[in-house]
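J.: 3D model of this:
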Amino acid sequence: MGWRECNKMDEKLKFIARYLEGEKIAPLCREFGISRPTAYKLIRRYKKMGELALVEQKRTPYRYANKLPIEIEALILNLKREYPNWGAPKVREKIIKKYPDIKPPAKSTIHAIFDRHGLIKHRKGRKRYKANGTPLNHVRKPNQLWCADYKGEFMLGNKQYCYPLTITDYASRYLITCESLSSTREDFAIETFIRAFKEYGIPNAIRTDNGNPFANGNSFYNLTRLSVMWLRLGIGIERIKPGCPQQNGRHERMHLTLKQETTRPPRENLIAQQEEFDKFKNIYNDERPHAGIKNKYPSELYRPSKKQYQKPEPLFYPLHDKTITVSQCGRICDRGFKVSLSRAFAGVEVGVKEMEDGIWVVSFLDYDLGYFDDTGRRVEPVDDPFGFEKV
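T.: The predicted model follows:
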């Protein structure tokens, strides 16, 4: 049951008006097509917030769960335009004094709103990155783009599931890795990619879908420890649109051949299945002509990358006030603050710099991730600095 779709705010306003005039809850609920719990929830919110309670509450992912109603954001922007030299602390105090019934947003939230709308004057020397989406590139040379995915899980003879993690080179069709794994755990994927990097070098970019462990819809900018590792190594990230596996079509076509030739029937255990994958890899790369590359073998075209894998050196941010290593639980901890960022950055160094009194920006590499204030508990994100599509 729910509000009629014609104009939800008008419907809610009519409901509240008639309730305040003394009409009974039960017939009102029947007429407006809502349940009693929904009605009582709206009444409680109206008593607490006034007309702001009638604004539709959007259901957004975890990282944006505290997004402000549009009226409050508009109020913040109007105050900033009226007093352009005021920072977030003064705007917040103005809201507290003028609208005492409204719960004031955190200073970092206000500052992030200013940034999203281009109302922050940044100091010279700080690079700014605007979201441009993630275009999918068509490349012609080996190692310009790798593609990765899990072939659908299947049951082995011993009743254990196998999750094959596969990596191919886009241009040459070369099958770099086909790893027989017992789960899609991120640690297993990281180990697999490091082995591939050590043997074949570093690609310019990697294309994946939006599932774990490549991306996480509930994480900061959908990042995972695996994708953060790629960024640290200078690897660009491409993500196909959800529900569009054809955008990784070459890789999916390889999966079809892999399934036909190695999983029917499945082998007894992971070790035996890996032996079958290794045989397939050798034939696929060195003996099987591919029509898409003029019936050549992938091994005729592929050469390892000249960019060799090296464990990244610790990051240092000389233009920031502090360089801090993110804790294993995903927090930025210092004597003055303990702020949640994301477990995707666990063990990685970030830069922290005070932008104005009590408001700090957090940076990773050359990207500004977001803001927190001296009373905040987590980093408030800004517009996606990495250019990933919203998923």
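J.: list the helices and strands the host helix or strand of T38 packs on?
T.: Taking DSSP states H and E as the definition, T38 sits inside helix 36-49. If contacts are counted by 3 or more C-beta pairs under 8 Å, 6 or more residues apart in numbering; DSSP states H and E, helix 36-49 sits against helix 8-20, helix 25-32. C-beta here means a position set from N, CA and C on the backbone, and glycine is covered the same way.
J.: which of those helices has the lowest average pLDDT?
T.: Lowest mean pLDDT within those: helix 8-20, at a mean of 76.
J.: which elements pack onto that one?
T.: Contacting helix 8-20 under the criterion 3+ C-beta pairs under 8 Å, 6+ apart are the following elements: helix 25-32, helix 36-49.
J.: can you tell me what sits against the first one?
T.: Just to be clear, that refers to helix 25-32. Residues from elsewhere that reach helix 25-32, judged by C-beta atoms under 8 Å, 6 or more residues apart in numbering: 3-4, 11, 14-15, 18-19, 35-36, 38-40.
J.: how far away is the nearest residue to L365 once chain neighbours are set aside from R239?
T.: Once flanking residues are discounted, L365 sits nearest to L231: 6.6 Å by C-beta to C-beta, 6 or more residues apart in numbering. Counting by C-beta to C-beta, to the nearest Å, the gap from L231 to R239 is 13 Å.
J.: got a list of what the closest residue to F337 other than its chain neighbours touches?
T.: Excluding its sequence neighbours, the residue lying closest to F337 (C-beta to C-beta, 6+ apart) is D374, at 6.7 Å. By C-beta under 8 Å, 6+ apart, the contact set of D374 is 107, 336-337, 358-360.
J.: can you check E287 too?
T.: E287 makes contact with Y297, according to C-beta under 8 Å, 6+ apart.
J.: returning to what we had before: looking at the contacts of D374, which are in strands?
T.: 337, 359-360 (DSSP state E).
J.: ranking those residues by neighbours, who comes first?
T.: Using other C-beta atoms under 10 Å as the neighbour criterion, W360 leads the ones in strands among the contacts of D374 with 26 neighbours.
J.: all helices of the stretch 251-391 of the chain, in order?
T.: Here the stretch 251-391 of the chain has its helices, by DSSP state H, counting those that start in this stretch, at 270-286, 298-301.
J.: export those to TSV and tack on mean pLDDT and distance to I324?
T.: Shown next, in TSV, are the helices of the stretch 251-391 of the chain (pLDDT from 0 to 100; distance: least, C-beta to C-beta, whole Å):
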stretch	mean pLDDT	distance to I324
helix 270-286	96	40
helix 298-301	96	44
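J.: show me the one of those that comes nearest R207.
T.: Closest approach to R207 among these (C-beta to C-beta): helix 298-301, 17.1 Å.
J.: so who does the residue nearest the centre of the chain touch?
T.: Nearest to the mean C-alpha position of the chain, by C-alpha atoms, centre = their mean, lies N222 at 0.9 Å. Neighbouring residues of N222 by C-beta under 8 Å, 6+ apart: 210, 215-216, 388, 391.
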